[in-house]
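only geometry, no sequence info:
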């Protein structure tokens, strides 16, 4: 029986070339200009699933971008693993900060990836990590090593809130029925310190608009006499945190789960160097909520951040103007028990209440999702842990992530199954940023590890 290690060695270059071809397609779901590219990517995923050994593959229409569904059912009495991933990517802006074009993948060596990393938008999030599962299936079907049933659900709207997925899942419960859901859209601590993500933060994303006078005004004739929406917006945003960086929205913390000292101590066992962290970001100090460590601030505590702010004149030279309007985009990362719709409503009510009478405020919710926790006594978690032990030689550390995958809570609600988050990316892979990349070693290690999950999950299910 051919081992996964020898199969990878034999097909390594082809695996890399196939991923590079996928990364060349600019499947940016947020920008309608790339509509055809997103659809072309769905077609490419369909073809790759067919080649990997799925018996049935279809492109499922939705109100938005399609979902690619594939399955390989070998015996209805065996467990079924549902693999989720996404084929859409974030916009590549700002383009001028990329050292190579975002959709012309190149392999470059880095300090962290001496064997080389693939630089391209979507390399780690999530095309590279999603494609590991396709290649793992190929190995299992080609060599007769598939121990259970597998289904794939790959969507094209994860980066814009997964609205069509939320429409699709409740309508296709029977088609998607499974015993465990497997996702690789997270990371691990380091290449020699594997970890499994056991918690995700929820998300509430809003846009705010502050309107002052009915037109842009001359700042000499009107300055000091009417409200400047940009000044007002900045004051309002600044008031959303107090001197301890605690969020000031009434009721915001009412349902926040306070972790026990024991759990916090367990989390603290993950290796972390504050100096390395600061050096990697080129900052002199960290910043955040008083009373919590850096790793707690970015995983088990809620946050509020301005993601974009604009208004007035920003062209060349000077234009002395008081703008009529100012805008900001704001995201709040939430912890389990905080309901994103409730938090959105609390934000709206508070933001409108702190606006002076001299301006009008409009809050537009964009999208959101609930937080999630996977218990470590779950057999899916145990199968993943054994799989990592097999290929890394060490036991992975359970770790809560600061990121959000809103659909994970939806899966549990609708499909009644747990999600296991087996990520192989690193924090330094610059997802959502210029120069996103994914280590070649990590990509191949993922392909190597995933079949062991199937093996151990099937064994533990007995």
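Received the coordinates, thanks. From a predicted model like this one, the values you see are computed outputs, not experimental measurements. Numbers count the residues shown, from 1 in each chain.

doesn't residue 362 make contact with residue 351?
No - between residue 351 and residue 362 there is no contact under Cβ atoms under 8 Å: 9.7 Å. Where C-beta positions appear, they are placed from N, C-alpha and C, glycine not excepted.

of the two, who's got more company?
Of the pair residue 351 and residue 362, residue 351 is the one with more neighbours under other Cβ atoms under 10 Å, namely 21 against 14.

so who does the more buried one touch?
By Cβ atoms under 8 Å, 6 or more residues apart in numbering, the contact set of residue 351 is 208, 236, 361, 363.

by neighbours, which of those wins?
residue 208 (23 neighbours).

ramachandran angles for it?
Recorded main-chain torsions at residue 208 are phi -120, psi 150, according to degrees, to the nearest 10.

who's it bridged to?
Beta bridges link residue 208 to residue 328, residue 363, judged by DSSP bridges.

how near is the residue nearest to residue 100 when sequence neighbours are not counted to residue 129?
Among residues not flanking residue 100 along the chain, residue 106 sits closest, at 4.8 Å (Cβ to Cβ, 6 or more residues apart in numbering). Using Cβ to Cβ, to the nearest Å, residue 106 is found at 19 Å from residue 129.

for residue 293, phi and psi?
Residue 293 adopts backbone torsions of phi -80, psi 170, taken as degrees, to the nearest 10.

so the residue nearest to it when sequence neighbours are not counted versus residue 399, what's the distance?
What sits nearest to residue 293 in space, not counting adjacent residues and going by Cβ to Cβ, 6+ apart, is residue 268, at 7.1 Å. Counting by Cβ to Cβ, the gap between residue 268 and residue 399 amounts to 11 Å.

tell me the pLDDT of residue 404.
Predicted confidence (pLDDT) at residue 404: the value is 80.

neighbour-wise, which of residue 268 and residue 399 wins?
Neighbour comparison, residue 268 and residue 399: the larger count goes to residue 399, with 22 against 11 (by other Cβ under 10 Å).

residue 106 and residue 129: which is more packed in?
residue 129 (27 against 14).

contacting residues for that one?
Applying Cβ under 8 Å, 6+ apart to residue 129 gives the contacts 85, 184-185, 423-425, 438, 446.

quick one: it and residue 163, what's the gap?
In this view, residue 129 and residue 163 are 22 Å apart by Cβ to Cβ.

quick one, domains of this protein?
The chain is divided into the following domains under automatic domain parsing: 4-200+371-461, 202-256+302-369.

now the first one: how far from the chain's centre is it?
Averaging C-alpha coordinates over domain 4-200+371-461 and over its chain gives two centres that are 11 Å apart (Cα atoms, centre = their mean, to the nearest Å).
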